[in-house]
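Engineer: Just to be clear, the model below is a prediction. Sequence and coordinates:
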Amino acid sequence: MNKLEFAINMEMEGRQYYLEQAEKNQDNPLNKIFIILADSEKEHEELLRRRLNNEEYTLKEDNSIKDVESVFQGLKDYEASDIRKTTQLDVYRLAVDIEEKSIELYQSMLKEAESDKDKQLFEFLLKEENKHLTLFDELVKMLTRPEEWVESAEFGLREDY
């Protein structure tokens, strides 16, 4: 299996993971986030398949991730415990791990890219995966900061959140 095939499989696995999480989170606004991410991973998979088959493709920035900002605004009305089931934090941390592995792979593929078109593709995918990583980093912060604040409130200044 070459790196392109491996990347396609990673995108498929990421999509499946996000769809499973969307199913598990039907009762809260996070469902929408997971569906957006699953759709994004599907688009990445299709781009990589086209590249593998030497077909034409167009890089189109995924603006649906901007919809996530409105979901985050809605989450401010929830208590952390409302969206934090026993393993929810682990779900987000696993998603961080998935995105970090994708970033690592695309950085490697970018270094090895020989054509400008391939370089553009991998730079595009890196940018998209970094958006996903930021999203899950923010979810992890949102759920862990209240505990950290209570545990160490007397130590130094805290950034606003």
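Structural biologist: Arrived safely, thanks for sending.

Engineer: out of everything not next to it in sequence, what's closest to residue 109?
Structural biologist: residue 122 (4.9 Å; C-beta to C-beta, 6 or more residues apart in numbering). Glycine gets a C-beta too; all of them are placed from N, C-alpha and C.

Engineer: ok, now which ones touch that neighbour?
Structural biologist: For residue 122, the contacting residues are 106, 107, 109, 110, 113, by C-beta atoms under 8 Å, 6 or more residues apart in numbering.

Engineer: Mind checking which of these are buried?
Structural biologist: Among the contacts of residue 122, those buried by neighbour count (16 or more other C-beta atoms under 10 Å) are 106, 109, 110, 113.

Engineer: right, and out of those, which lies closest to residue 130?
Structural biologist: Residue 130 lies nearest to residue 106 out of the buried ones among the contacts of residue 122, by C-beta to C-beta, at 9.6 Å.

Engineer: What pLDDT does the model give the closest one?
Structural biologist: Looking at residue 106, its pLDDT stands at 96.

Engineer: Please spell out which residues along the host helix or strand of residue 127 are buried.
Structural biologist: Assessed by DSSP states H and E, residue 127 sits inside helix 116-151. By neighbour count on 16+ other C-beta under 10 Å, the buried set for helix 116-151 is 121-122, 124-126, 128-129, 131-133, 135-136, 139, 142-143.

Engineer: Tell me the gap between that helix and the middle of its chain.
Structural biologist: 6 Å (C-alpha atoms, centre = their mean, to the nearest Å).
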